[in-house]
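1. 3D model of this:
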Amino acid sequence: MTLPLKTSVLYGPVNSRRYGRSLGINLSPCRYKECSFNCVYCHYGLTDKITLNTNGHDDGYTECADVIEQLQDTLESPLEIDLITFSGNGEPTLHPDFPKMVDAVVELRDRYRPGAKTALLSNSTGLYREEVRRSVAEIDLPVFKLDAGTERTFMRINRPAKGVSFESIVEHLANLDGIYVQTVCIDGEPSNTHPDEMIAYYERLQTIQPRGVHLYSTDRPVPSSSISRVDPEWLEDIASQITSETGVPAAAYSNGKKRLGA
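-> Below you'll find the model as predicted:
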């Protein structure tokens, strides 16, 4: 059984495998899953509304003022956090006011918790919006998904909304500085760990030149029974191969192992 959706705007703090105590900000609807991907491995299950354009969907999205009020109350409390993370039930950059949200969160962080960092966990699809691309520079740890080296595997694993272009995603990522790439490695049908696919993936990383690569597999329940988990030793081997082939630092995370510093 997959995990239930987050039912609130703020959640946690959760113990991040990378950064410590992370306070999550869920900018996606709580009553249903809306995302620009319908990934075969998503631990929140299948996507109810697969879309790239949320105009007209505002009824499910929290107003910026409400997010600011809740976050300010939390940051004024004695709650200990290391990180404030845009994440949640779907793709955070789909929120119509995402850039405004970033400005407000950074301002509150600077005022109340200057020692905390901000992070974004994104599937990269919102980068087609210029204002989203500009907002990335304000975030300390921008992490973007790249699960494939070829469009065919991208379509089979991420199953994107109409209008999402794999080549455009790669191009946008290559034009951003200081980003991390996050990849979920899976085996079975579909798989992104076959040798030919890995070669294509290395080539994409060389084009993008991220600050680092974070590797995961399916440590939680998934909606598809045709895929299988990549075990920790295999994941470590893939990380080593990435660094060897591309020169990009890569780290594998599995069952609480490892934390990567900023």
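2. so how far is residue 113 from the residue lying farthest from the centre of the chain?
-> Ranking residues of the chain by C-alpha distance from their mean position (CA atoms, centre = their mean) puts residue 78 at the top, at 27.6 Å. Separation of residue 78 from residue 113 (CB to CB, to the nearest Å) stands at 11 Å. Every residue, glycine included, has its C-beta placed from N, CA and C.
3. ok, now residue 5?
-> The spacing between residue 5 and residue 113, counted by CB to CB, is 27 Å.
4. try residue 148
-> 36 Å.
5. again, but for residue 102
-> Noted for residue 102: a distance of 16 Å to residue 113, by CB to CB.
6. among these two, which residue is more densely surrounded?
-> Just comparing residue 102 and residue 113: by other CB atoms under 10 Å the higher neighbour count belongs to residue 102, 23 against 20.
7. ramachandran coordinates for the closest residue to residue 1 other than its chain neighbours?
-> With sequence-adjacent residues excluded and distances taken as CB to CB, 6 or more residues apart in numbering, residue 1 is closest to residue 221, at 5.8 Å. When read as degrees, to the nearest 10, the backbone of residue 221 gives phi -60, psi 150.
8. neighbours of the closest residue to residue 165 other than its chain neighbours, how many?
-> Leaving aside its sequence neighbours, residue 165 sits nearest to residue 128 (CB to CB, 6+ apart; 8.0 Å). Residue neighbour count, defined by other CB under 10 Å, stands at 17 for residue 128.
9. shouldn't residue 128 be in contact with residue 172?
-> Yes: taking contacts as CB atoms under 8 Å, residue 128 lies within contact range of residue 172: 7.2 Å.
10. which ones are touching residue 62?
-> Residue 62 makes contact with 9, 27 under the criterion CB atoms under 8 Å, 6 or more residues apart in numbering.
11. tell me where the model's unsure across this protein.
-> Scanning the chain for pLDDT under 70 picks out the ranges 17-18, 56-59, 255-262.
12. what about the strands in it?
-> 10-16, 20-26, 34-35, 49-50, 83-87, 117-122, 141-145, 180-184, 186-188, 212-216, 227-229, 250-252 (DSSP state E).
13. residue 248: neighbour count?
-> 18.
14. how about residue 245?
-> Neighbour number of residue 245 under other CB under 10 Å is 16.
15. skipping its backbone neighbours, what lies nearest it in space?
-> Nearest non-adjacent residue to residue 245 (CB to CB, 6+ apart): residue 202, at 4.5 Å.
16. contacts only, for that neighbour.
-> Residue 202 neighbours (CB under 8 Å, 6+ apart): 149, 242, 245-246.
17. using JSON lines, lay out the strands of the chain together with mean neighbour count and distance to residue 134.
-> Shown next, in JSON lines, are these (neighbours: other CB atoms under 10 Å; distance: least, CB to CB, whole Å):
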{"stretch": "strand 10-16", "mean neighbour count": "17", "distance to residue 134": "25"}
{"stretch": "strand 20-26", "mean neighbour count": "21", "distance to residue 134": "19"}
{"stretch": "strand 34-35", "mean neighbour count": "24", "distance to residue 134": "22"}
{"stretch": "strand 49-50", "mean neighbour count": "17", "distance to residue 134": "26"}
{"stretch": "strand 83-87", "mean neighbour count": "25", "distance to residue 134": "15"}
{"stretch": "strand 117-122", "mean neighbour count": "22", "distance to residue 134": "13"}
{"stretch": "strand 141-145", "mean neighbour count": "22", "distance to residue 134": "12"}
{"stretch": "strand 180-184", "mean neighbour count": "23", "distance to residue 134": "18"}
{"stretch": "strand 186-188", "mean neighbour count": "19", "distance to residue 134": "33"}
{"stretch": "strand 212-216", "mean neighbour count": "21", "distance to residue 134": "22"}
{"stretch": "strand 227-229", "mean neighbour count": "18", "distance to residue 134": "36"}
{"stretch": "strand 250-252", "mean neighbour count": "22", "distance to residue 134": "28"}
